[in-house]
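Participant: here you go, sequence then predicted model.
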Amino acid sequence: MRQHTFILSLLTAATLGTFVFAQAPAPAAGSPPATPSTRTGRSTGPRPASAPTPRWPDGHPMLAAAPGKIGYWNAGTGGLTGKNGMNLPTNLEIGEVPFQPWAKALYEARRADQQKNDPHARCVPPGGPRQFHTPYGLLIYELPEAKRVLVLSGGGPRTWRVIFMDGRPHPTSDDFIPTFLGHSVGKWEGDTLAVDSVGFNEQFWFARAGYPHTESLHLIERISRPDYNTLKYEATIDDPKAYTKSWTGGHYIYWVPDEDFEEYFCQDNNRDPSHLVGQ
């Protein structure tokens, strides 16, 4: 049985019958009008009407499938800059990103060589926002009794990430080694899951566009579900060694109902390197 199906069965068995549904809030302003395909993200026509957002007994949204159902988030779309397609209308254009001079030069070099050195294409884990636009799907499970949220990636090296919801602080720099996924703590702010993450290493690109970062990266992610079929992802990048000020960008992700994402491990079947023209 696949990993995410196993986790869902545990969660459903433990809590089935305790969920409630509520009327969905109004769609987010600027929400894209078309539905992307599950594999490419290209528009395929008008979006169908959505069911209400599924909710927990305390009223906050579920970010996974409703009890008795399956599905996943089509995370292979969107980015942090630009306003087209699945991107938020509030995004900066690339020329507005407040790069430090060295960071802008590195970003431009990565673009010039057509991203041939992207670590993700060599099965490095997708840290930060990269996890939310890695192809082959995304699953988000809240485990209330464990006070954790799990974020599971279908693509890349099949990465899973823990968001602690128990109010713990971040580790101090003296007892924490920087990692690919960092250390994440979260809390619900109304209908939005707010996630604060620090402790990243510099061995990955936090977005496929190749924006640089350092070990000073402090990431604030805001994740919401305005209706059953839509996830809104927004990240604030705070890295004073790479940018002159913090900046924010994000995108929408659509739900793929009644399907499990395929089993894919880039270590066995890496589909990325052949697409890197600059290699």
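Facilitator: Good, I have the coordinates. Numbering: from 1, shown residues only.
Participant: so where's the protein shaky on pLDDT?
Facilitator: By pLDDT under 70, the weakly predicted segments of the chain are 1-48, 267-279.
Participant: tell me which stretches of it form strands.
Facilitator: Applying DSSP state E to the chain gives strands spanning 20-21, 34-36, 43-46, 54-55, 71-74, 138-143, 148-153, 160-164, 183-189, 192-198, 218-227, 230-238, 247-257.
Participant: show me which positions of stretch 184-199 end up buried.
Facilitator: Applying a neighbour-count criterion of 16 or more other Cβ atoms under 10 Å, one finds 184-186, 192-193, 195-199 buried in stretch 184-199. For glycine as for every other residue, the C-beta is placed from the backbone atoms N, C-alpha and C.
Participant: can you tell me which two in the residues you listed are farthest apart?
Facilitator: Checked with Cβ to Cβ, these reach their widest spread between 192 and 199, with 22.6 Å between them.
Participant: single out the most deeply packed of the strands of the chain.
Facilitator: Ranked by mean neighbour count, the strands of the chain are led by strand 71-74 with a mean of 24 (mean count of other Cβ atoms under 10 Å).
Participant: against which helices or strands is it packed?
Facilitator: Under the contact criterion of 3 or more Cβ pairs under 8 Å, 6 or more residues apart in numbering; DSSP states H and E, strand 71-74 touches strand 138-143, strand 247-257.
Participant: kindly recompute the last result at 6 Å.
Facilitator: When contacts are defined as 3 or more Cβ pairs under 6 Å, 6 or more residues apart in numbering; DSSP states H and E, strand 71-74 packs onto strand 247-257.
Participant: from the chain's centre, how far out does the strand it packs on sit?
Facilitator: Remark: strand 247-257 is offset 8 Å from the chain centroid, using Cα atoms, centre = their mean, to the nearest Å.
Participant: and which of the buried residues of stretch 184-199 is nearest to residue 91?
Facilitator: Nearest member of the buried residues of stretch 184-199 to residue 91, counting by Cβ to Cβ, is residue 192, at 17.8 Å.
Participant: ok, back up a step: using TSV, lay out the buried residues of stretch 184-199 together with distance to residue 149.
Facilitator: Formatted as TSV, these follow (distance: Cβ to Cβ, whole Å):
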residue	distance to residue 149
184	9
185	10
186	6
192	13
193	7
195	8
196	13
197	12
198	17
199	17
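Participant: pick the one among the residues you listed closest to residue 152.
Facilitator: Looking across the buried residues of stretch 184-199 and measuring by Cβ to Cβ, the closest to residue 152 is residue 184, at 13.9 Å.
Participant: ok, now which ones touch that closest one?
Facilitator: Residues in contact with residue 184 (Cβ atoms under 6 Å, 6 or more residues apart in numbering) are 163, 195, 197.
Participant: return the distance of the last one relative to residue 67.
Facilitator: This means residue 197. Look at residue 197 and residue 67: by Cβ to Cβ, to the nearest Å, they are 29 Å apart.
Participant: apart from its chain neighbours, what residue comes closest to residue 76?
Facilitator: residue 135 (3.3 Å; Cβ to Cβ, 6 or more residues apart in numbering).
Participant: backbone torsions only: list them for that neighbour.
Facilitator: Phi and psi for residue 135, reported as degrees, to the nearest 10, are phi -60, psi 160.
Participant: would you confirm that it contacts residue 155?
Facilitator: Yes. Counting by Cβ atoms under 6 Å, residue 155 is a contact partner of residue 135 at 4.8 Å.
Participant: mind checking how far residue 185 is from residue 219?
Facilitator: Distance of residue 185 to residue 219, computed by Cβ to Cβ: 11 Å.
Participant: check residue 49 too.
Facilitator: 34 Å.
Participant: got a list of what residue 185 touches?
Facilitator: 164, 196 are the contacts of residue 185 under Cβ under 6 Å, 6+ apart.
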